[in-house]
Every structure is written in structure tokens, then in C-alpha cells.
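Asker: Give me a model of this one.
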Amino acid sequence: MQSAFHHVNIIYEGGGMYREMREEEKQSEYYRSQNQNVLEPNKHYQDEMLDAKRLSKNRDAAQQSFLIGWLGYLGYHVRVNRLYKKGKTTSQLFTVNSVSKDGKIIYKSSDVKISVDDLRDRRRCIDAVTNSWMIDTIKAKTNACLIEKKCRESKFGEIGVMRRLKKVEFLGSTLIPSDITEIGLNVHSFITKSMGPSDCLITSSQQILNIFPFKI
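Answerer: Okay, here's the model as predicted:
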């Protein structure tokens with residue numbers, strides 16, 4: 001509080017009595033206000049970073065489901081493990097157990113050898129390897145044009161890079177990231193609802209065919 005006649009800080013002590021604020025009290029008040037000014041923008045920045053991280057996780061989960069559904073659309077059988085727990089604020093990446101075609105298993109995530117000690121980091125690397133395998137398989141087996149974003153480097157090298165799609169052109173359809181995310185989240189929801197006690201098998205079911213805009 002400021003005096004009406006002098007620019008000094010004063011404190012009300014009760015009973016109609018005021019006194020001038022001591023130097024140590026001024027310092028305490030100053031630093032408290034300064035800390036508050038620092039904390040508020042820091043909290044805003046932290047909230048923004050958290051939101052960006054959640055959006056990134058959602059996009060990765062959506063792209064993974066998009067690729068899983070696309071393989072199912074193309075006649076592959078994709079076996080997906082049940083999630084240990086569902087995310088409260090983000091969609092979770094599935095673990096792709098295996099992919100088969102014409103009764104023959106052509107990919108198993110358990111065959112991927114990763115020299116990483118931390119279990120969470122190992123899982124991330126396996127997810128990245130599986131993601132790359134799905135992208136490369138679709139590129140090799142179709143005439144689709146898959147344009148990728150420039151990826152950030154991973155501390156685990158190329159094996160840990162999660163490749164992301166920038167644009168997809170296939171059978172007369174052009175999809176941008178927002179389309180891929182929308183389709184992927186629909187596939188993610190379908191997989192979650194279709195999940196059995198331990199896993200789920202994605203095939204070229206009518207539900208999967210209806211989610212994708214591609215016209216054969």
C-alpha cells in the first residue's frame with residue numbers, strides 16, 4: 001500500500017495504526033512479485049509444451065493406426081496386441097505383433113533386435129522400426145505416393161527415427177496430415193472396440209474398407 005503523500009511502502013498493523021515497511025520486508029515483497037512474474041510465463045510455456053507433446057503422441061498413434069488399417073485394406077492380416085492401459089489424454093501406440101499375407105507371416109516385431117537397455121526406449125525403437133516397415137511395404141507393394149516429413153534425428157540413430165507422412169496420393173485420393181490423423185483415429189477406435197482379451201486381427205473387413213476414401 002502507498003502513502004498518499006510520500007512514495008513509501010507502508011503496512012497496516014491493525015487498530016488504525018500503520019508503519020513504514022522495513023527494508024527486509026521490501027526485499028521480500030519485491031522478490032515475491034518478481035518470482036510470480038517469472039513463474040507465470042514459465043507455467044504457460046510448460047503448458048504449451050505439454051499440449052504439443054500430447055498432439056505429437058496423438059499424431060503418431062493415428063499414423064500407426066492409419067498404416068495398420070491400410071495394410072488391412074490391401075489384404076494383409078495385422079495382429080495387434082492389447083494395450084496394457086488406455087491413455088486418458090492421448091491415444092496410445094499399439095504393439096504390432098505380426099503381419100501376414102496369404103497365410104504366411106512376413107513380419108514379427110519379436111524378431112526385431114534392439115541393443116537398448118531401457119525397456120521404454122526399446123519399445124519406442126521397435127515402434128519406429130515397425131512404422132518404417134509398414135511405410136516401406138506399402139510403397140513397395142502399391143503405386144501409392146507417400147511423401148514424408150523431414151525427421152528429427154534420434155539418439156539411437158536411424159533405427160529410432162519415427163518417420164512421419166506429409167502427404168499420401170493413392171487411387172485418386174490425396175491425403176494431408178489432418179486427413180491421415182482423422183482416418184487413423186477412426187481406425188484406432190475400431191481396433192480398440194474390436195480388441196479381444198489379448199489381441200486383435202485387422203483384415204480387409206467392410207468396416208476397414210468403409211473408413212478409407214480409396215476407390216478401387
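
Asker: all contacts plus neighbour counts: C-alpha atoms, from now on.
Answerer: Noted.

Asker: Setting aside sequence neighbours, what's the nearest residue to Cys125?
Answerer: Among residues not flanking Cys125 along the chain, Gly160 sits closest, at 4.6 Å (CA to CA, 6 or more residues apart in numbering).

Asker: next one: phi and psi at the residue nearest to Pro213 when sequence neighbours are not counted?
Answerer: Nearest non-adjacent residue to Pro213, counting by CA to CA, 6+ apart: Ser173, 6.9 Å away. Here is the backbone geometry of Ser173 (degrees, to the nearest 10): phi -110, psi 140.

Asker: tell me the pLDDT at Ser173?
Answerer: Ser173 is assigned a pLDDT of 92 by the prediction.

Asker: surely it meets Phe214?
Answerer: Yes: shown here, Ser173 and Phe214 form a contact pair, counting by CA atoms under 8 Å, at 6.2 Å.

Asker: where does the chain dip in pLDDT?
Answerer: 1-52, 85-90, 154-157, 215-216 (pLDDT under 70).

Asker: Strands of that one, start to end?
Answerer: 10-14, 17-20, 77-81, 96-101, 104-108, 145-148, 165-170, 173-175, 199-202 (DSSP state E).

Asker: so what does the fifth one touch, helix or strand wise?
Answerer: Based on contacts counted as 3 or more CA pairs under 8 Å, 6 or more residues apart in numbering; DSSP states H and E, the elements that strand 104-108 packs against are strand 96-101.

Asker: Next, the angle from the strand it packs on to strand 77-81.
Answerer: Angle of strand 96-101 versus strand 77-81, following axes from the mean of the first three to the mean of the last three CA atoms, to 10 degrees, is 170 degrees.

Asker: Name the residues of strand 96-101 that come out as buried.
Answerer: Val96, Asn97, Ser98, Val99, Ser100 (16 or more other CA atoms under 10 Å).

Asker: Ends of stretch 83-95, what's the gap?
Answerer: From its first residue to its last, stretch 83-95 covers 8 Å (CA to CA, to the nearest Å).

Asker: about what we covered before: out of the buried residues of strand 96-101, flag the one nearest to Ile126.
Answerer: The nearest member of these to Ile126, counting by CA to CA, is Val96 at 9.4 Å.

Asker: So in terms of bridging, what pairs with that closest one?
Answerer: Here Val96 sits in beta bridges with Val80, going by DSSP bridges.
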